[in-house]
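here's my sequence, what's the structure:
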Amino acid sequence: MTIGCGYDVGQKTRQQFLADWSGKIPDAMLKALAKCCGVTGQAAAALARKLRVVVDIPWDVALEVFSNHDIPRYLAICRRLLSGFDELSPD
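Model prediction:
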């Protein structure tokens with residue numbers, strides 16, 4: 001299940017998900033979405049249908065998680081795996 005700005009809950013551990021979203025969305029929504037951690041494929045599709053009425057991520061919260069959690073995480077991965085990453089041009 002994907003929420004926010006491309007945040008794939010099924011690819012996250014419960015610990016990672018809670019670290020990224022706790023205090024940003026209501027506890028009931030947090031608890032419901034935490035059940036989706038590690039769930040992919042048809043099982044995730046079934047959960048998404050059930051949670052459609054419970055989950056509503058505000059845009060400003062989605063942007064905050066994307067800017068302050070996702071981007072730094074993926075930049076760190078790139079820096080670790082790609083030598084010379086910081087020397088690339090902005091283009």
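
other residues contacting stretch 79-88?
Residues from elsewhere that reach stretch 79-88 (C-beta atoms under 8 Å, 6 or more residues apart in numbering): C78. (Glycine included, C-beta is placed from N, CA and C.)

quick one: end-to-end length of that stretch, please.
Start-to-end span of stretch 79-88 (C-alpha to C-alpha, to the nearest Å) is 11 Å.

average pLDDT for it?
Average pLDDT, stretch 79-88: 94.

how far away from the center of its chain is that stretch?
24 Å (C-alpha atoms, centre = their mean, to the nearest Å).

and what of stretch 57-64?
11 Å.

which ones are touching the spatially most central residue of the chain?
What sits nearest the mean C-alpha location of the chain, by C-alpha atoms, centre = their mean, is Y7, with 3.1 Å. Neighbouring residues of Y7 by C-beta under 8 Å, 6+ apart: 20, 62, 65-66, 70.

distance-wise, check the residue nearest to G4 when sequence neighbours are not counted relative to D20.
For G4, ignoring the flanking residues on the chain, the nearest one in space by C-beta to C-beta, 6 or more residues apart in numbering is A62 at 3.5 Å. Per C-beta to C-beta, to the nearest Å, A62 is found 11 Å from D20.
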